[in-house]
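# Kindly generate the corresponding structure for this input.
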Amino acid sequence: MKEMILQGQAQGLRAAVIEEGELMEVFEQEGPFSRLAGNIYLGRVENILPGMQAAFVDIGLDKNAFLYVKDAVLPRFDEEDEGLAVSGAVTIQDILKPRQQLLVQVIKEPLGNKGARITTNISLPGRYVVLLPQVPYVGVSRKIQDSKERERLKAIVYEACPDGMGIIIRTLAQGLQEQEIICNIEQLAQIWNGIKKSLARASVPGLVHQDLDLAARLIRDFIDEDVEKITLDQEEVAEILRRSLQALNHPAGNHVLVVSHMDLFAERGINDEIRKALLPKVWLKNGGYLIINETEALIVIDVNTGKYVGKYSLQETVLHTNLHAARMIARQLRLRNLGGIIIIDFIDMVNDEDQQQVLKALEEACESDKIKCNIIGLTRLGLVEITRKKVGQTLTARYTKRCNACSGSGRINLTNLN
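Numbering: from 1, shown residues only. From the prediction side, this is the model:
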């Protein structure tokens, strides 16, 4: 069973995704401008860095945003790969000039001393499709594997796609009637036309289009066909969810429950689970444990047998622990919102079949993740490499701050260096 818990806080909202009784994801919105990813700005190029093939762009935030050369060039359609690829060899000096105005979209939140990362390739996500206003390309989510369904959806979108624009068909479009998809495309096209009209009176730098608030984003991106129940503490938000979900013929629209007399996150143990997810050590049900370390360059996960000693043989003990670890790792990636390069040091397995079994378990556990996760495989050292798209801030960045006394190391110096 999959359910969602929503709780109001001050001027914002918190949301939790529960699957089979386990907390899988947490989202927050503190005030109207707490989330930047997805927002569109009219910016001004401040500095061009040929040595980095990048530019700093003022979009009106405290820190200038960072624009890589590959994010400053519109992609082209690659017929062989049937996907989008960055156009040929260009340099940042070829395409940008100081003080140039740019319409950009935030694709990565600011983190620490780093400003937001931006792109000139604008995309407008809807519930069933993503509109690409500047790239004439039609693609289908890889999670839709039925070839006839893929062709049916493509045919619908080719007919409805506005001239000069592109569409990526999302997984939720599978099995939908033609009119529902067309309606979603038209809504997104109207939003884009509104953005273009607003440019004439927009200040530079300044916000041109703000992405949806948390409640609306949950409807668009996270309340899929598996969600059976939604519990929250605000009647006003509940009514919005009911109307929106019933309009989509979603069964959860009839199962929106308001409980206003209790702290839902505390009562359901969500706050306790968040506290655990901020610690490096994660215990497995069989007595093994993980150590998760977040660094600036990558995420490192170590698997240990811990208290688990097995029953029959060392091979069985190692395999059993690694299988438990694979499922927990997939959960922790979602819960902690970890992205980028992820290295996993499973307990050494001599048997190739055991290695493949663990990799398959990890792959299956990551399938429910809405954020793209690519399991590359084993290195020559026996480490498992994963990449997961960075979207928003990690749980650590949202709930903790660096310690001034120890510079974030979390350790006490026992030596006298005076």
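
# Could you tell me which strands the longest strand seen in the chain is paired with, and in which direction each runs?
In the chain, assigned by DSSP state E, the strand with the most residues is strand 40-49. Applying DSSP bridges to the sheet, strand 40-49 is found paired with strand 54-58 (antiparallel), strand 101-108 (antiparallel), strand 206-209 (antiparallel).

# Now do the first one: everything it contacts.
Which is strand 54-58. For strand 54-58, the external contacting residues (CB atoms under 8 Å, 6 or more residues apart in numbering) are 43-49, 64-69, 72, 92, 96, 102, 104, 115, 118, 205. Placement of C-beta: from N, CA and C, glycine included.

# Check the longest one too.
Among residues not part of strand 101-108, those counted as contacts by CB under 8 Å, 6+ apart are 36-45, 57, 59, 65, 67, 71, 96, 116-123, 199, 204, 208, 390-391.

# Can you tell me which of the strands paired with strand 40-49 is nearest to Arg331?
strand 101-108 (23.2 Å; CB to CB).

# elements contacting the helix or strand just after that closest one?
Where DSSP states H and E defines the elements, the next helix or strand beyond strand 101-108 is strand 117-119. With contacts taken as 3 or more CB pairs under 8 Å, 6 or more residues apart in numbering; DSSP states H and E, strand 117-119 sits against strand 65-68, strand 101-108.

# now the last one: mean pLDDT?
Okay, so that is strand 101-108. Strand 101-108 carries an average pLDDT of 94.

# Please apply the same query to the first one.
Averaged over strand 65-68, pLDDT sits at 95.

# Which helix in this structure has the most residues?
Counting residues, the longest helix in the chain under DSSP state H turns out to be helix 314-336.

# can you pull the buried residues of it?
317-336 (16 or more other CB atoms under 10 Å).

# Please state the offset of the next helix or strand along the chain from that helix from the chain centre?
Downstream of helix 314-336, the first helix or strand assigned by DSSP H and E is strand 340-345. Centroid separation for strand 340-345 versus its chain: 17 Å, with CA atoms, centre = their mean, to the nearest Å.

# Give me the buried positions along the next helix or strand after strand 340-345.
Downstream of strand 340-345, the first helix or strand assigned by DSSP H and E is helix 352-366. Neighbour-count burial for helix 352-366 flags Asp354, Gln355, Gln357, Val358, Leu359, Ala361, Leu362, Ala365, Cys366 (criterion: 16+ other CB under 10 Å).

# Excluding chain neighbours, what is closest to the fourth one?
By the measure of CB to CB, 6 or more residues apart in numbering, the closest residue to Val358 outside its immediate chain neighbours is Asn322, 4.6 Å from it.

# State the pLDDT value of that neighbour.
96.

# Pick the most buried one from the helices and strands packed on strand 117-119.
strand 65-68 (a mean of 22; mean count of other CB atoms under 10 Å).

# tell me what that one is packed against?
Using 3+ CB pairs under 8 Å, 6+ apart: strand 65-68 touches strand 54-58, strand 101-108, strand 117-119.
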